[in-house]
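K.L.:
coords please:
(one chain, ligands or ions: 1)
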Amino acid sequence: MDYLSRFTKWHQVSYQVLVWTDGKYWQFPINLNTFEQYLGRPSTTEEMESTLAKWREDFPNPKNSEEMVLSQVGRKFYEMFFRNYTRKQWKRDPRDLDASVCGRIPVRTNRDNRFVTENFQALPEEGYTAMFQKMLRHPRITLRLNTDYRNLPKEVSYDRMIYTGMIDEFYQFSEGRLPYRSMRFEPETIQKEFFQPAMQVNYPNDHEYTRVVEIKHATGQKSQVTTIVREYPEDFGPGKEAYYPIPAPDSRELYEKYAAKAKDEKKVTFVGRLATYRYYNMDQVVAMALTEYEKLKSGSSPS
Ligand code: UDP
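P.N.:
Model (predicted):
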């Protein structure tokens, strides 16, 4: 936060997410409010805890995302909220994804409706583009877009390269292609002040898209119209962007082969979601970048 604050001011936000299924909106992540909606009457933390204790399936060490959710909330909520969203997003059964994928989503027995509970939740005041523009505005930074690093002109030399692209591409797919998921974002402007009751609505069981984001809820913009973005998961391939590594045993095994090669690179540091094949959030990626920077500055060898 301190570091990025050099380049932007912040607009505080508190993300709220709802799920649309069975013809209505549900509070999400699952909490006491969701549980009450399910029961159709008021309840208590104690009742929710004792009910979940009955619903939970016994997986002391969940091996995959299905076991993870079943061990937290049982089959009913798994099928309402997780199974089909996960299949749509990853084109894989939750059984074939690491436990950490669905394990990212908390389950609460209180009434905290926030999506995440970090103390600092904010958007760059003028947006991400403005923040990056400011970051790049420096006499020692030259930006070359649409340039493969292998085709850089001869006068560009380096002592160290920080590579943030796909690690399998760096090695020209020598070990085989790592799997990724891509996404299509479809914006639509609607002649209404608001389209939906929260910034994000997830659609596990309806439509081809996974979610609809109405960012106006977070930015606080005042306008008589609104713009929403529908997110359609897509296969990764030519002309598509790799948005997500796929956390699973098979992809990890392949990534480890590339990671072993990367370890031997003397002049290259791999940073970010694609170069380290990790399903990282923005804060984690910022931390990774700063940590690598500190390592390089202190002269220790790259990881
Ligand atoms: N997930 C789900 N139902 C939801 C929200 C999330 O099954 O309503 C699962 C799904 O597998 C998803 C993962 O949890 O890919 C992580 O969700 P998150 O919202 O963190 O995904 P991201 O914002 O990274 O796409």
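K.L.:
which SSE is Gly299 in?
P.N.:
Counting by DSSP states H and E, there is no helix or strand that carries Gly299.
K.L.:
pLDDT weak spots in this structure?
P.N.:
In the predicted model, the chain carries pLDDT under 70 at residues 300-303.
K.L.:
residues in the stretch 201-303 of the chain within reach of the ligand, list them.
P.N.:
Asn202, Pro204 (Cβ under 6 Å from any ligand atom). C-beta coordinates here come from the backbone N, C-alpha and C atoms, glycine included.
K.L.:
residues touching the residue in the stretch 201-303 of the chain that the ligand sits nearest to, list them.
P.N.:
In the stretch 201-303 of the chain, no residue comes nearer to the ligand than Asn202, which is 3.6 Å away by Cβ to the nearest ligand atom. By Cβ atoms under 8 Å, 6 or more residues apart in numbering, the contact list for Asn202 reads Val17, Leu18, Val19, Trp20, Phe28, Phe81, Tyr85, Thr210, Arg211.
K.L.:
Take those residues and write them to CSV, including neighbour count and secondary structure.
P.N.:
Formatted as CSV, these follow (neighbours: other Cβ atoms under 10 Å; DSSP: H, G, I helix; E, B strand; the rest coil):
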residue, neighbour count, secondary structure
Val17, 20, strand
Leu18, 19, strand
Val19, 25, strand
Trp20, 19, strand
Phe28, 23, strand
Phe81, 24, helix
Tyr85, 22, helix
Thr210, 18, coil
Arg211, 22, strand
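K.L.:
Go through the residues you listed and name the one nearest Asp98.
P.N.:
Tyr85 (16.1 Å; Cβ to Cβ).
K.L.:
Nearest residue to that closest one in space, please, no chain neighbours.
P.N.:
For Tyr85, ignoring the flanking residues on the chain, the nearest one in space by Cβ to Cβ, 6 or more residues apart in numbering is Pro204 at 3.7 Å.
K.L.:
so that neighbour makes contact with Arg87?
P.N.:
No. Contact between Pro204 and Arg87 fails when scored by Cβ atoms under 8 Å: they sit 9.1 Å apart.
K.L.:
okay, those two: which has more neighbours?
P.N.:
Using other Cβ atoms under 10 Å as the criterion, Pro204 and Arg87 rank with Pro204 on top: 23 against 16.
K.L.:
Ramachandran coordinates for the more buried one?
P.N.:
Main-chain dihedrals, Pro204, degrees, to the nearest 10: phi -60, psi -40.
K.L.:
Now do the contacts for it.
P.N.:
Val19, Thr21, Met80, Phe81, Phe82, Arg83, Asn84, Tyr85, Lys88, Thr210.
K.L.:
Let's see that with 7 Å instead.
P.N.:
When contacts are counted by Cβ atoms under 7 Å, 6 or more residues apart in numbering, Pro204 touches Val19, Thr21, Phe81, Asn84, Tyr85.
K.L.:
What of Asn84?
P.N.:
Pro204, Asn205.
K.L.:
Kindly recompute the last result at 10 Å.
P.N.:
By Cβ atoms under 10 Å, 6 or more residues apart in numbering, the contact set of Asn84 is Thr21, Pro94, Tyr203, Pro204, Asn205, Asp206, Thr210.
K.L.:
phi, psi of Gly280?
P.N.:
To be clear, residue 280 is Tyr; Gly isn't right here. Torsion angles, degrees, to the nearest 10, at Tyr280: phi -100, psi 150.
K.L.:
pretty sure it contacts Ala287?
P.N.:
Yes. Judged on Cβ atoms under 10 Å, Tyr280 makes contact with Ala287 at a distance of 8.8 Å.
K.L.:
From the ligand, how far out is Leu70?
P.N.:
13 Å (Cβ to the nearest ligand atom, to the nearest Å).
K.L.:
Identify the residue spatially nearest to that residue, adjacent ones excluded.
P.N.:
Leu70 sits nearest to Glu57 (Cβ to Cβ, 6+ apart), 4.1 Å away.
K.L.:
Cool, thanks, talk later.
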